[in-house]
Each structure stands twice: as C-alpha cells, then as structure tokens.
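> here are the coordinates; sequence isn't available:
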C-alpha cells in the first residue's frame, strides 16, 4: 500500500534502479511517489518521459521503480541526505490519479485525473494546479503543505497533524472534512460542507456554502462569503 486516506503507513521499497536501467516499456503509471528531499515536476502529456537534472552526485544517486501502478522515486539505499545537492525529476505523463509525498521534497503538477488522490506523509510540499476532478481525496499527515487550485465536485479532506491544505483556489461543490490535530485548511464552496474537528485545527470555507460541524476541542469551521 503506497498511501491512502485510511492508511498513512507509506511503504517505500529501498530497491530501485538508475533511470538508465528503468524498464519503461509497460507505459505510463497512474501515480507518482516521492520519498526524500528532491523535486518532481510533472507536465501532463500523452507520452511518458523522465529526465533528471542536478549535480552529478545527486543524479547518480536517484533510484526508480514501479509499484502498484505508481512510479516510485527515491535515493540509493533510502538515503535522504542532500550533501551532494538535490535533483529535479521532470516527468511527462497523462494526468496522474495519485500523488504521494513521503519526505521533505517538493512535487508540482499542472493537472490531475478526474478521480484524484493526494497524500502527504511528512514535511514535503505538493502543488497541484488546473484540477478538474469529479472526486478528490486529500490526506495531509504531519507538517506537510498542499497547494491546490481548480475545481472538484466532491472533496474528501483528512488532516492528521500540523499540516496545511492551502486550497483557496479550489472550487468545491460538496466537501467532507476531518481534522485531527492542529492542521489548517482552506477552500471555496457554494455547496455543502461537513466537518469533523478533533483538535485545534481550522477549516476556512469561502463562498456561500451550507456548513455543518461536529467538534471535540477548540477546532473551528469558518464559512464566510467571498
């Protein structure tokens, strides 16, 4: 299991091969997993392609594998140190269904699939733009940050820890939000928003949404016009 809203135990193999040895004959994966402190830049397109930029030391230590229809990217022997600099992995692929951040790195994508899932398990940052989804599932566990913009009919948002979901540019029809901890989230909606708050986190909804909340603790659901 690489990730999911019900399980933040992101299992990353430390195997893998250099990019030159990666067998890409099976076609594009549906998801991307990054473990470490490097950067992944995803450009949506029909052809599947990968290249790596950075210092020679950083490039040489990058490892790649496929697992559960996802491209897994990490450092040799699972070493997350950046003593030799960090690498930037540029990927062209059809709009990804799943993005998993397991570490302190950065992931950027210019689109997501119609049914999209983003998991952040660590302190990393994910930026997803131009989303046009029917359903979007987001899990932020730890101190990571998600920035997202676009539209989705349904949003399922789970925050566990001190992370942040900065989605002021994401227009949502209906949302189900669960926050356990001190994490904060923001998005836009004119539909229905239901929030379960177990902690001190804050959910801010901009628009004319109908909002309901159940809370244990000092958590807040703030719904405001605008």
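Yep, that arrived. No experiment lies behind these values; they were computed from the predicted model shown. Numbers count the residues shown, from 1 in each chain.
> What are the phi and psi values at the residue nearest the centre of the chain?
The residue lying closest to the centre of the chain (Cα atoms, centre = their mean) is residue 118, at 3.5 Å. Phi and psi for residue 118, reported as degrees, to the nearest 10, are phi -130, psi 130.
> In this structure it contacts residue 144, no?
No. Under the criterion of Cβ atoms under 8 Å, residue 118 is not in contact with residue 144, lying 10.0 Å apart. Where you see a C-beta, it was placed from the backbone N, CA and C, and this is true even at glycine.
> intersection of neighbour lists for those two?
Residues touching both residue 118 and residue 144 (Cβ atoms under 8 Å, 6 or more residues apart in numbering): residue 126.
> Residue 84 in helix, strand or coil?
coil (DSSP: H, G, I helix; E, B strand; the rest coil).
> now swap in the one 4 residues further on and tell me
Using three-state DSSP, the structure places residue 88 in strand.
> Distance check, it against residue 140.
From residue 88 across to residue 140, the span is 23 Å (Cβ to Cβ, to the nearest Å).
> between the two, which one's more packed in?
Legend: neighbour count by other Cβ atoms under 10 Å for residue 88 and residue 140, higher for residue 140 (30 against 16).
> a helix runs through that one, doesn't it?
No. Residue 140 is assigned strand when assessed by three-state DSSP, not a helix.
> Roughly how far does it sit from residue 128?
Plainly put, residue 140 is 13 Å away from residue 128 if you go by Cβ to Cβ.
> shared neighbours of these two, which are they?
Here residue 140 and residue 128 have residue 146 as joint contacts, going by Cβ under 8 Å, 6+ apart.
> about what we covered before: for the residue nearest to the centre of the chain, what are its contacts?
Counted by Cβ under 8 Å, 6+ apart, residue 118 has contacts 98-100, 112, 126, 128, 136-139, 146, 148.
> Go again with 7 Å.
For residue 118, the contact set (Cβ atoms under 7 Å, 6 or more residues apart in numbering) comprises 99, 126, 128, 138, 146.
> Would you mind giving those as TSV with secondary structure added?
Shown next, in TSV, are these (three-state DSSP):
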residue	secondary structure
99	strand
126	strand
128	strand
138	strand
146	strand
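> Narrow those to those that are buried.
Among the contacts of residue 118, those classed as buried by 16 or more other Cβ atoms under 10 Å are 99, 126, 128, 138, 146.
> Can you tell me which of the residues you listed is closest to residue 173?
Using Cβ to Cβ, the shortest approach to residue 173 within the buried ones among the contacts of residue 118 belongs to residue 138, at 15.1 Å.
> Do I have it right that that closest one meets residue 164?
No. Using Cβ atoms under 7 Å, residue 138 is not in contact with residue 164; the gap is 11.4 Å.
> which stretches of the chain form helices?
Along the chain, counting by DSSP state H, helices occupy 56-61.
> what's the domain layout of it?
1-94, 111-226 (automatic domain parsing).
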